[in-house]
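Student: got a sequence here, can you build the structure:
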Amino acid sequence: MKCIVAALLLSMLILAPTVSAESQWYKGATHVHSLWSDGNGAPEVIADWYQEQGWDFVCFSEHNILMEGEKFVPIKPDGHLSPERYLAIQKRFGASWTQLRERGGQREMRLKTLAELSEYFNKPGEFLLVPAEEMTTDGGNPHMNVLNVRELVPGAPKEGDPVPKMQGYLDAIAAQEAKHDVPMLVHLDHPNWRNALTTEQIMAVRGLQFFEVYNGAGPTDRGFPEQGVPTTERRWDVILSMKLRRDPDYVIYGVASDDSHRYFNFATANANPGRAWVMVQAESLEANALIEAMKRGDFYSSTGVSLKTLERSSDHLALAVDGVDGVTYTTRYIGTRKGFDADTQPFVDGDGKTPPSASLRYSDTIGEVLYETTDLSSRYAFNGDELYVRATVTADREMANPPIAGDKEMAWIQPIIRK
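Tutor: As a prediction, this is how the structure comes out:
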C-alpha cells in the first residue's frame, strides 16, 4: 500500500502544473525572416510591427546566418529595399538611424544587428528579441529553428537521407547548450512542405521535442492524401502514440509560427506576419525562462483563439476560452488509449505505387476524439487508460488574414503524458 501511495505522489509531482502563481502569459513569434535572409522587410520595420501589434517576444530565424557583423542591401526601385521603404525607415527612426555606402554607383544600407535592435527595442518585462537561426538544408527539408542560439550551425547539403541531417542539427545544439550553459529550443519546421518528410523519418530522430503543427506561410499543415502525406496533427498523434509504446517519458509539442517573409502587401497568398503564435506561461520575459517553460509544455499555440485559463494536471486537462460574442468554439480532447492497434500498412496511390514522400498508414485507434464540447469552459478527467491527452479549440470564425481562404481560428493545447 505504501508503494502505491508513493507512486501516486510521484505521478502528481511529475504531472502537476510547474508554473508559479507569479507567472504570466507571453505572446511570441518563433519563426520570422527579414532582409538578413529572404524576407522583404528591414528588421527594425518587422520588430516595430510585432511590438505595435502586441507581441511580447520575437525570434529572427534567418536562414543559415546570425544577425551579426556587416551586411548591406541595395536601395533600388525593383528591390526589397526600395527608395520609398528606405525613406519610411528614416521617417520612423530618424535620419541618423541608417548607415549608407555606395558601391559601383549603387547606394546600399547596412542592416542593423540583433545587438543593435535589442538595444533599441528590448524593454524589461514588455518586449524581447531572442537570438535564433533557421538551420536550412539546401534545396528542401529538413529545416529546423533553434531559439536562444549562440553559434551559427551550418545548413546541410541537399543530397542524402534527411534523418542524419535532423539528428546533426539537434546534436549540434545540444553541444552548444552544454558549452554555453543556456537552454535552447529546436523545432522542426513545416514537415509537410515540398519534399515532405515521412512520419517515420521524424520518429527516427532522437531528442526532437518540438515541431510546427501550423506554419502561416502556406498549406504546410495540411495533408496531401494523393501522395500519402498526413496532416501535421495526424503526424503528432502517430508520433506520440508509437514512441510512447517504448519510451514512457517521450513527448513532442506543437508550435504555431508565422514563417513570415512579406511585410508590405497583406494578402492570402503572401507569407505575412501575425497569423500564428505561441502563448508561453513563464515566470519572466527572459529568453531562458521562456525556453524552459516551453520545454515543460507550459504554452499553447494559436491562430486567433485565446484562452482565459489552462490547467494541465495529473488527473485532468481543463481550459476556458476567451470567447467573442457570436462565435462558436469547439473544443476537442484528443488522445490514444493504451493497447491501441499499432499495425501499419504501406500507402499505395491510384497507380499502385508508393511515392517517396508517403508515410505509412496507421490505425484509427490513434488520435481519437475522447470528448467534444462547444462550452467555453471544459474539462477532461483522465480515465487512466490514456497514453496522452491533448486538445484543440476551433472557432467558426475565419482568420483575419489566412494563408488559405476559409481557414478558421484555432488553438492547440500541448499533450499531457499519462504515467
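
Student: for the closest residue to Pro77 other than its chain neighbours, phi and psi?
Tutor: With Cβ to Cβ, 6 or more residues apart in numbering as the criterion, Pro77 has its nearest non-adjacent residue at 6.5 Å, and that residue is Pro83. The way it works is simple: take the backbone N, C-alpha and C, and place the C-beta from them, glycine included. Backbone torsions for Pro83, taken as degrees, to the nearest 10, come to phi -60, psi -40.

Student: hmm, Pro74 and Pro83 touching each other?
Tutor: No. Shown here, Pro83 and Pro74 do not form a contact pair, counting by Cβ atoms under 8 Å, at 10.7 Å.

Student: isn't Phe266 right up against Ser260?
Tutor: No. Using Cβ under 8 Å, Phe266 is not in contact with Ser260; the gap is 10.7 Å.

Student: intersection of neighbour lists for these two?
Tutor: Counting by Cβ atoms under 8 Å, 6 or more residues apart in numbering, the contacts common to Phe266 and Ser260 are Asn272.

Student: Leu290 belongs to a strand?
Tutor: No. Under DSSP: H, G, I helix; E, B strand; the rest coil, Leu290 falls outside any strand and is assigned helix.

Student: element containing Leu117?
Tutor: helix 114-121 (DSSP states H and E).

Student: after that helix, which helix or strand is next?
Tutor: Of the helices and strands lying after helix 114-121 in sequence (DSSP H and E), the nearest is strand 128-136.

Student: measure how that following strand sits relative to helix 114-121, angle-wise.
Tutor: 150 degrees (axes from the mean of the first three to the mean of the last three Cα atoms, to 10 degrees).

Student: sheet partners, orientation included, of the very next helix or strand once past strand 128-136?
Tutor: With elements assigned by DSSP H and E, the helix or strand that comes after strand 128-136 is strand 143-147. Sheet pairing of strand 143-147 (DSSP bridges) gives strand 128-136 (antiparallel), strand 185-188 (antiparallel).

Student: tell me how many other residues crowd the nearest residue to Tyr26 once chain neighbours are set aside.
Tutor: Excluding the flanking residues, the one nearest Tyr26 by Cβ to Cβ, 6+ apart is Asp56, at 4.1 Å. Using other Cβ atoms under 10 Å, Asp56 has 23 neighbouring residues.

Student: also the one 10 residues further on?
Tutor: Counted with other Cβ under 10 Å, residues neighbouring Leu66 total 18.

Student: which pLDDT value goes with Arg194?
Tutor: Arg194 is assigned a pLDDT of 83 by the prediction.

Student: do Ser241 as well
Tutor: For Ser241, the pLDDT comes out at 98.

Student: just grab the bridge partners of the residue nearest to it when sequence neighbours are not counted for me.
Tutor: Spatial nearest neighbour of Ser241, excluding adjacent residues (Cβ to Cβ, 6+ apart): Thr336 at 4.2 Å. Judged by DSSP bridges, the bridge partners of Thr336 are Tyr388.

Student: same question, Ser377
Tutor: Ala320.

Student: list the buried residues of whatever helix or strand Met109 lives in.
Tutor: Using DSSP H and E, Met109 falls within strand 106-110. Of the residues in strand 106-110, Glu108, Met109 count as buried by neighbour count, 16 or more other Cβ atoms under 10 Å.

Student: also stretch 345-353?
Tutor: Phe347.

Student: list the buried ones in stretch 197-215?
Tutor: Across stretch 197-215, burial judged by 16+ other Cβ under 10 Å covers 197-199, 201-203, 205, 208-215.

Student: sorry, slip of the keys, the one I care about is stretch 124-133.
Tutor: Neighbour-count burial for stretch 124-133 [16+ other Cβ under 10 Å]: Phe127, Leu128, Leu129, Val130, Pro131, Ala132, Glu133.

Student: likewise stretch 167-180?
Tutor: Buried, per 16+ other Cβ under 10 Å, within stretch 167-180: Gln167, Gly168, Tyr169, Leu170, Ala172, Ile173, Gln176, Glu177.

Student: three-state assignment of the nearest residue to Arg92 once chain neighbours are set aside?
Tutor: Setting aside the residues directly before and after it, Arg92 is nearest to Asp48 in space (Cβ to Cβ, 6+ apart), at 6.9 Å. Following three-state DSSP, we place Asp48 in the helix state.

Student: Lys91 is in contact with Asp48, correct?
Tutor: No. Counting by Cβ under 8 Å, Asp48 stays clear of Lys91, with 12.0 Å between them.
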